[in-house]
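In: Here's my sequence, what's the structure:
(chains A, B, C and D)
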2 protein chains.
Amino acid sequence: MSSPVPDGPAGADEGLRARKRAATQSALERAAVSLALEHGYDNVTVDMICEAAMVSPRTFFNYFGTKEGAFLGGTPPAPTDAEHQAFVHGTSRDVLGDLVGMIADAMADHSPDTDLLRRRRMLIERTPELLTGETSRIAELEEHLVKLVLERFAVQGRTEARTPDLADEARMVVSLAGSVMRYSMQKWFSGGFTGTPVELLHHSLALVRRVAGSIAPAAR
Amino acid sequence: MSSPVPDGPAGADEGLRARKRAATQSALERAAVSLALEHGYDNVTVDMICEAAMVSPRTFFNYFGTKEGAFLGGTPPAPTDAEHQAFVHGTSRDVLGDLVGMIADAMADHSPDTDLLRRRRMLIERTPELLTGETSRIAELEEHLVKLVLERFAVQGRTEARTPDLADEARMVVSLAGSVMRYSMQKWFSGGFTGTPVELLHHSLALVRRVAGSIAPAAR
DNA sequence: AGACAAAAATACAGTAACTGCATCGAAATC
DNA sequence: GATTTCGATGCAGTTACTGTATTTTTGTCT
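Out: Numbers count the residues shown, from 1 in each chain, chains lettered A, B, ... in the order given. Reported below is the predicted structural model:
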């Protein structure tokens, strides 16, 4: 108690302000999911969530910007700088796999709250529109992801001079990653999958390979 | 010409009621696109559209159900029975290509109004959120499309007994088709593509094949 | 500890999308 | 021509979301 928190090394808190902020956000998300599980997503209003979490409606929108956001979790998945670098300088030839892995990591290191995740999963399972919403949120990252892939191509020495449609290829990689994520999330949230997320992604990637690989060039 | 429209083979009209209906729908769609091109999508309200098209706001929602609908075109793309059958009984090995082709057809035979299509394309080009919206509309068909693919598999003699995860495969085909459509639409609406839609689809499919094919099983 | 700056919570008023319901008028059916 | 059917409309209400000004809380500096 002598030194006034010089620079907490392993400290999980960054000041009381941030802690309170995290608390209210968490409270709102929990309230949202709980209410939706009880009454159904459509029958839950923002006001109800605010009352349960004891904050003003205006504050709600300061946090999430949209009603849906409270149910899906505050901030859309964004890769950290570390993940960014790891991907760009990855050496494997499996660009798609690495990209999917990065997105999955970004989604995972999001909220370590196991219980909330479980309840959220139940909710999404019975509320397909939320699945669509999450898909859209990921889609908003596309532009950024395309840049990442191009960066990685550059690091690997692939240039537009050698491959004229490199930008197209990057865009397609991102688009395919979207497919894999969508497929995986769908399978994950529909409950039919028993296993770890990592296994699920491998399963999905293998399936992509099989399906896309069986494309014959139309001409027999 | 003698019989009073017994069953018009090529007849374009199905009574005055239907014609009027089509007229107002068209008027609303035109007004919506025009206003958005002039003022920007966000700055156009439903009331403005209604005033321009001279219908009540209530009627607007009777037609489209959502504001976005007026800009994207009344009814979401749905394959006709003919297209349905053609796909299910297709003999080619390229399930993905055929599926994409069917969706494209469904979107094409939608509105033969070239001018409106051109203006809509301009609008979407400068309004990415609409692109996302159209993507979501297609996503709503997914369940249906999965059934179609499974039907086709059945016709081709592929059964769950032989391929345990046939349903998974079907789902992935649909998911990949989504990717191709998304990629194609993106490229189409971004204006960078000079060619017919059919060529674009071939380009996209080839790219999928190249990208997905280059997936090495991670282990080197 | 007390003054002061920064940030967050709130109140308030307003816009705009969307819905249910009852009514009215035109079109199809007989 | 009478009836039934269907689309258009008016109206009142709910709900998501925003801008702005005000108040409360928290961090900081002396």
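In: Spatially nearest residue to A:Asn150, not counting backbone neighbours?
Out: No, residue A:150 isn't Asn; it's Leu. Nearest residue to A:Leu150, sequence neighbours excluded (CB to CB, 6 or more residues apart in numbering or on different chains): A:Ala170, at 4.9 Å. To be clear about C-beta, it is placed using only N, CA and C from the backbone, and glycine gets the same treatment.
In: Help me confirm that the one you found comes into contact with A:Ala154.
Out: No. Contact between A:Ala170 and A:Ala154 fails when scored by CB atoms under 8 Å: they sit 10.3 Å apart.
In: Looking at the two, which has the bigger crowd around it?
Out: A:Ala170 (23 against 13; other CB atoms under 10 Å in any protein chain shown).
In: what sits against that one?
Out: Contacts of A:Ala170 were listed using CB atoms under 8 Å, 6 or more residues apart in numbering or on different chains, and they are A:146, A:149-150, A:153.
In: Return the backbone torsion pair for it.
Out: Torsion angles at A:Ala170 (phi, psi; degrees, to the nearest 10) stand at phi -60, psi -50.
In: DNA strand C versus that one, what's the distance?
Out: 34 Å (CB to the nearest atom of the strand, to the nearest Å).
In: just A:Pro197 next, same as before
Out: Using CB to the nearest atom of the strand, we find A:Pro197 at a distance of 32 Å from DNA strand C.
In: So what's the residue count around that residue?
Out: The local packing of A:Pro197 (other CB under 10 Å) involves 14 other residues.
In: burial count for the closest residue to it other than its chain neighbours?
Out: Nearest residue to A:Pro197, sequence neighbours excluded (CB to CB, 6+ apart): A:Ala104, at 6.4 Å. Counted by other CB under 10 Å, the residues lying close to A:Ala104 total 19.
In: Tell me which helix or strand A:Ala104 sits in.
Out: Remark: A:Ala104 resides in helix A:95-108, with elements defined by DSSP states H and E.
In: pLDDT score for the closest residue to chain B within chain A?
Out: Using CB to the nearest CB, A:Ala212 is the residue of chain A that sits closest to chain B, at 3.3 Å. A:Ala212 carries a pLDDT value of 85.
In: Surely it and B:Leu96 touch.
Out: Yes. Between A:Ala212 and B:Leu96 there is a contact at 7.2 Å, judged by CB under 8 Å.
In: tell me the mean pLDDT for stretch A:87-106?
Out: Taken as a whole, stretch A:87-106 has a mean pLDDT of 93.
In: buried stuff in that stretch?
Out: If you call a residue buried by 16 or more other CB atoms under 10 Å in any protein chain shown, then stretch A:87-106 has these buried ones: A:87-88, A:90, A:94-106.
In: repeat for stretch A:190-209
Out: Buried positions in stretch A:190-209, judged by neighbour count with 16+ other CB under 10 Å: A:193, A:200-205, A:207-209.
In: Show residues contacting that stretch.
Out: Taking contacts as CB under 8 Å, 6+ apart, the residues outside stretch A:190-209 that touch it are A:96-97, A:100-101, A:104, A:108, A:125, A:176, A:179-180, A:183-184, A:187-188, B:165, B:168-169, B:172, B:176, B:212-213, B:215.
In: So for it, mean pLDDT?
Out: For stretch A:190-209, the mean pLDDT works out to 90.
In: So which bits of chain A are right by DNA strand D?
Out: Residues of chain A found near DNA strand D (CB under 7 Å from any atom of the strand) are A:15-17, A:20, A:44-47, A:57-58, A:61, A:65-68.
In: rerun that using 6 Å as the cut-off
Out: With CB under 6 Å from any atom of the strand as the criterion, chain A meets DNA strand D at residues A:15-17, A:20, A:45-47, A:58, A:61, A:65-67.
In: Show me what counts as buried in stretch A:122-136.
Out: Under the neighbour-count criterion of 16+ other CB under 10 Å, stretch A:122-136 has A:123-124, A:127-128, A:130-136 buried.
In: now for the host helix or strand of A:Ala32, which elements pack on it?
Out: Following DSSP H and E, the helix or strand that holds A:Ala32 is helix A:16-39. For helix A:16-39, the contact count by 3 or more CB pairs under 8 Å, 6 or more residues apart in numbering or on different chains; DSSP states H and E identifies helix A:46-53, helix A:57-64, helix A:67-72, helix A:114-125 as packing neighbours.
In: Comparing those helices, which comes out most buried?
Out: The highest average neighbour count among those, using mean count of other CB atoms under 10 Å in any protein chain shown, belongs to helix A:67-72 at a mean of 21.
In: do it and DNA strand C meet at all?
Out: No. Using CB under 6 Å from any atom of the strand as the criterion, no contacts between helix A:67-72 and DNA strand C are found, and the smallest distance is 12.6 Å.
In: Contacts for that helix, please.
Out: For helix A:67-72, the external contacting residues (CB under 8 Å, 6+ apart) are A:28-29, A:32-33, A:36, A:41, A:46, A:49, A:60, A:63-64, A:120, A:123, A:127, A:130, A:133-134, A:137.
In: between the helix or strand that it is followed by and helix A:95-108, how big is the angle?
Out: Elements were assigned by DSSP H and E; along the chain past helix A:67-72, the next helix or strand is helix A:81-88. Between the axes of helix A:81-88 and helix A:95-108, defined by axes from the mean of the first three to the mean of the last three CA atoms, to 10 degrees, the angle is 170 degrees.
In: What residues sit buried inside helix A:81-88?
Out: Within helix A:81-88, the residues that count as buried by 16+ other CB under 10 Å are A:83-84, A:87-88.
In: Would you mind listing the two of the residues of chain A next to DNA strand D that lie farthest apart?
Out: Farthest pair in these (CB to CB) is A:Gly15 and A:Thr45. Separation: 33.0 Å.
In: A:Leu131 touches A:Ile124, doesn't it?
Out: Yes. If you go by CB under 8 Å, A:Leu131 and A:Ile124 touch, sitting 5.7 Å apart.
In: Now do the shared contacts for these two.
Out: Residues within reach of A:Leu131 and of A:Ile124 at once, by CB under 8 Å, 6+ apart, are A:Phe189.
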